[in-house]
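Trainee: Sharing a sequence plus its predicted fold:
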Amino acid sequence: MKMNESWTDVTFNGRDPVYLQVVRHFKEQLATGRLEAGQIIPSRRELGAMLKINPNTAQKAYKEMEEQKLIVTEGNSPSRITLDDNLLRSIRSELISDAVDAFVVSVRKIDVPVEELLDIVKQKYLESNETERQVQEGGDQA
Amino acid sequence: MIEVVDIHKRYRGRSVLNGASFTVEKGQITCLIGINGAGKSTILKAIMGLTPLKSGTIRIDGQPMDKNLYESIAFIPDHLTMPPGMKLSEGLRFMQDFYQSWNANRAEELMKFFSLDQTERIGNLSRGTAAKFNLVLGLAQDTEYVLMDEPFSGIDMFSRGLIAEVFSSHLIEDRGVLLTTHEIGEVEHLIDRALLMKDGAICRDFQCEQIRSEEGKSIVDVMREVYQA
Amino acid sequence: MNRYLKLVHMEVDRFKYILAGLMSLTLICQFGAVIWWTKSAVSNRESGAWNNGGSMAYSLNPSHNGNLSFTEVISNTQFLFMIPILISIGVLAIYVFLIWYRDWFGRNTFIYRLLTLPIARRHIYFAKLTAILLFIFGLVSFQLALIPVEKLIFNLIVPSDMRDPSYISNSIYANPALGMLIPWHFDSFLVYYVIGIIAVLVIFAAILIERSYGRLGILYAILYLGISAFLLLFPMVGLGLDNLNGYLYPNEIFAIELVMCVAVMAVSVWLGCRLISKKITV
């Protein structure tokens, strides 16, 4: 099942609170389409087991996601991803914004004019797409 | 709650434990961290009454250690402690005979989870398999507390993953878990609370997620501060 | 009580192969000896060598009429009979130590498991003691049971016209080793076996002392053994039992000895239980 593939491949760094990393992971899965709006997500316990984290951490992650309205729990039924489009769009923006922030911070140390920078970014991005497409085709042929 | 209050112990002229104090709460995974010989195993043994203390008290839910409390607190030492001539099934039977808190269903479940062969003899097990069986013997009891001494030491990578899974499953939930380890990498994201030992006492005692949120430090960062100061 | 019995069962179970081995060894040696000697004695008589007055000179306790008795068989097979007995005693003596030390040394220190069972720790002590006693009396009973069977074998080999009757009790005492295991007089029985039990108790206490006191433990243990031996031997040896003009009457010396025995036993048991409950360390 597609969902299982995405869940087992998480590695956590030691410095950010684990529960926040879990939340970010959910958001990434949403942005890449592996998780869909309205999809049912595993229970706290199942999540803990799948991600190999402490049940307390899974609990905290849940709470955070509920507070951010990322997931919705109605009564006793299993939780599901929100159907709120605005929220989902804002998550996508948030992730892009975070990635760009990180990039800007690291590239600022090098003194390069913005236009040159954007050209390089475009070039690298297209190269990366091409490589991935070739890998996929190679995989299909094999 | 397990309360360890100001315990002292000398061994071969050296002060192994020098006023260590801490508590272990239910529903949390607490980890004792320290260099080799710091006294981590000694603390676990002292809690279990396997070695006497020079001074200090240890209370479990308010009571001093007593034979009946062995039904509420399971100890998984760093090596398998069953006679080599016994078969695995006989070992399980032994535990069932003596412990009312033994949960035979869970034992079966765990044996399957770890893919252990019940007809094998304990003396013939490889290190990794023995470690898994050791976990079965400790976790199949319905205890409120579980003490684990170096659950990852000498285990291959894949078995470690399996053992780490146990920490995240319902087997640990609601229990108070105290473990010791060198392999901080395996448990960095699994434990709730870290106790750093130095010179026979606890010098840092913190909630891991809190340190990450407030100071942006990992457990390894704090360890560097403490041990390389 | 139930748990104590479970522990006893476990201790016996752990030793069962060695026990079976010792019993088999005894059976094979003794039956073998009886069969071999009796057959050769019978064939000697049948071939007429006896009448020529030659080869039976080596036999101990021969009957004067040329018939064979079971007592004679026992007298002449002493060596082969004694070997398994001595081996059994040796093995049991070693196991008095090993029954404890096997749980500490080796890869799987079972003592961790025993000490964290939800039982009073003195049960562990008494279970090991009971096991040793069961092994001793088990082997002695087995030996006792073998003798009538050996006599039966003798009867099967020797034709009735060549047989002289003998009482089993006489036969047993034709072999000094058997005579010590199964003493005729009750007080000898008491002395041998009670001394044996006291020895086991003192050794158990010494072992637990050694295990409780780290590096100095072995010294304290040897000290304990020495003091106990002294207290037990002193009344008999030091108070002049052999001296007709000694200060105390023999009865008084015996009474003192008895008190010493009881005291050493009681202290050893108390010490053993107390150490394993409070002071023992893995």
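Mentor: Yep, it's here.
Trainee: Spit out the contact partners of the spatially most central residue of chain B.
Mentor: In chain B, the C-alpha nearest the mean C-alpha coordinate belongs to B:M148, at 1.5 Å (CA atoms, centre = their mean). B:M148 is in contact with B:76, B:138, B:177-180, counting by CB atoms under 8 Å, 6 or more residues apart in numbering or on different chains. In this view, the C-beta of every residue, glycine as well, is placed from N, C-alpha and C.
Trainee: which among those residues end up buried?
Mentor: Neighbour counting with 16 or more other CB atoms under 10 Å in any protein chain shown marks B:76, B:138, B:177-180 as buried within the contacts of B:M148.
Trainee: Tell me which of these fall in strands.
Mentor: B:76, B:177-180 (DSSP state E).
Trainee: Which of those residues sits closest to C:S69?
Mentor: Checking those against C:S69 with CB to CB, the nearest one is B:I76 at 65.4 Å.
Trainee: Now do the strands in the chain.
Mentor: I'll assume chain A. A:71-72, A:80-81.
Trainee: let's do chain B instead
Mentor: Using DSSP E, strands in chain B cover B:2-11, B:14-24, B:29-33, B:55-60, B:63-64, B:73-76, B:145-149, B:176-181, B:193-198, B:201-207.
Trainee: Show the backbone phi and psi for the closest residue to chain A within chain C.
Mentor: With CB to the nearest CB as the measure, C:T116 is the residue of chain C nearest to chain A, at 26.3 Å. Dihedral angles of C:T116 (phi, psi; degrees, to the nearest 10) stand at phi -110, psi 20.
Trainee: Would you reformat the strands of chain B as TSV and include mean pLDDT and distance to C:A20?
Mentor: Below are these laid out as TSV (pLDDT from 0 to 100; distance: least, CB to CB, whole Å):
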stretch	mean pLDDT	distance to C:A20
strand B:2-11	94	42
strand B:14-24	94	45
strand B:29-33	94	46
strand B:55-60	95	44
strand B:63-64	92	44
strand B:73-76	96	34
strand B:145-149	95	37
strand B:176-181	93	43
strand B:193-198	94	50
strand B:201-207	94	53
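Trainee: Point out where chain A drops to low pLDDT.
Mentor: A:1-9, A:139-142 (pLDDT under 70).
Trainee: That one against chain B: which residues are in contact?
Mentor: A:12-20, A:45, A:48-49, A:51-58, A:60 (CB under 8 Å from any CB of the partner chain).
Trainee: Filter the residues you listed down to the ones in helices?
Mentor: A:18-20, A:45, A:48-49, A:51, A:55-58, A:60 (DSSP state H).
Trainee: Buried subset of the residues you listed, written for PyMOL?
Mentor: The command below creates a PyMOL selection of those among those that count as buried (16+ other CB under 10 Å):
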select buried, chain A and resi 18+19+20+48+49+51+55+56+57+58+60
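Trainee: Closest to B:V226 out of the ones in helices among the residues of chain A next to chain B?
Mentor: Nearest member of those to B:V226, counting by CB to CB, is A:V18, at 21.3 Å.
Trainee: Enumerate every residue touching the closest residue to chain B within the stretch 151-282 of chain C.
Mentor: Of all residues in the stretch 151-282 of chain C, C:T281 sits closest to chain B, at 4.2 Å by CB to the nearest CB. Neighbour list for C:T281: B:50-52, C:211-212, C:214 [criterion: CB under 8 Å, 6+ apart].
Trainee: Surely C:L201 and C:L129 touch.
Mentor: Yes - taking CB atoms under 8 Å as the definition, C:L201 is a contact partner of C:L129 at 7.4 Å.
Trainee: for the ones in strands among the buried ones among the contacts of B:M148, which one is nearest B:W102?
Mentor: B:I76 (14.6 Å).
Trainee: which ones are touching the residue lying closest to C:K278 once chain neighbours are set aside?
Mentor: Closest residue to C:K278 apart from its sequence neighbours, by CB to CB, 6 or more residues apart in numbering or on different chains: B:P52 at 6.8 Å. Counting by CB under 8 Å, 6+ apart, B:P52 touches B:9, B:46, C:278-281.
Trainee: among those residues, which are in helices?
Mentor: Short answer: these in helices (DSSP H) are B:A46.
Trainee: What number of residues are in the vicinity of B:T143?
Mentor: 22 (other CB atoms under 10 Å in any protein chain shown).
Trainee: correction: B:Y99
Mentor: B:Y99, neighbours per other CB under 10 Å, totals 19.
Trainee: So it is in contact with B:Q141, correct?
Mentor: Yes - B:Y99 lies in contact with B:Q141 (CB under 8 Å); the separation is 5.8 Å.
Trainee: Can you work out which residues contact both of the two?
Mentor: Contacts common to B:Y99 and B:Q141, judged by CB under 8 Å, 6+ apart, are B:E71.
Trainee: quick one: contacts of the helix or strand harbouring C:G90?
Mentor: Per DSSP states H and E: C:G90 is located in helix C:78-101. Residues outside helix C:78-101 that contact it (CB under 8 Å, 6+ apart) are C:11, C:15, C:18, C:22, C:25-26, C:29-30, C:32-33, C:74, C:128, C:131-132, C:135-136, C:139, C:143, C:174-178, C:181, C:200, C:203-204, C:207-208, C:211.
Trainee: Stretch A:18-28 now?
Mentor: By CB under 8 Å, 6+ apart, stretch A:18-28 touches A:10, A:12-13, A:35, A:41, A:47, A:51, A:53-54, A:57-58, A:60-61, A:64-65, A:68, A:70-71, A:91, A:94-95, B:189, B:208-209, B:212-213.
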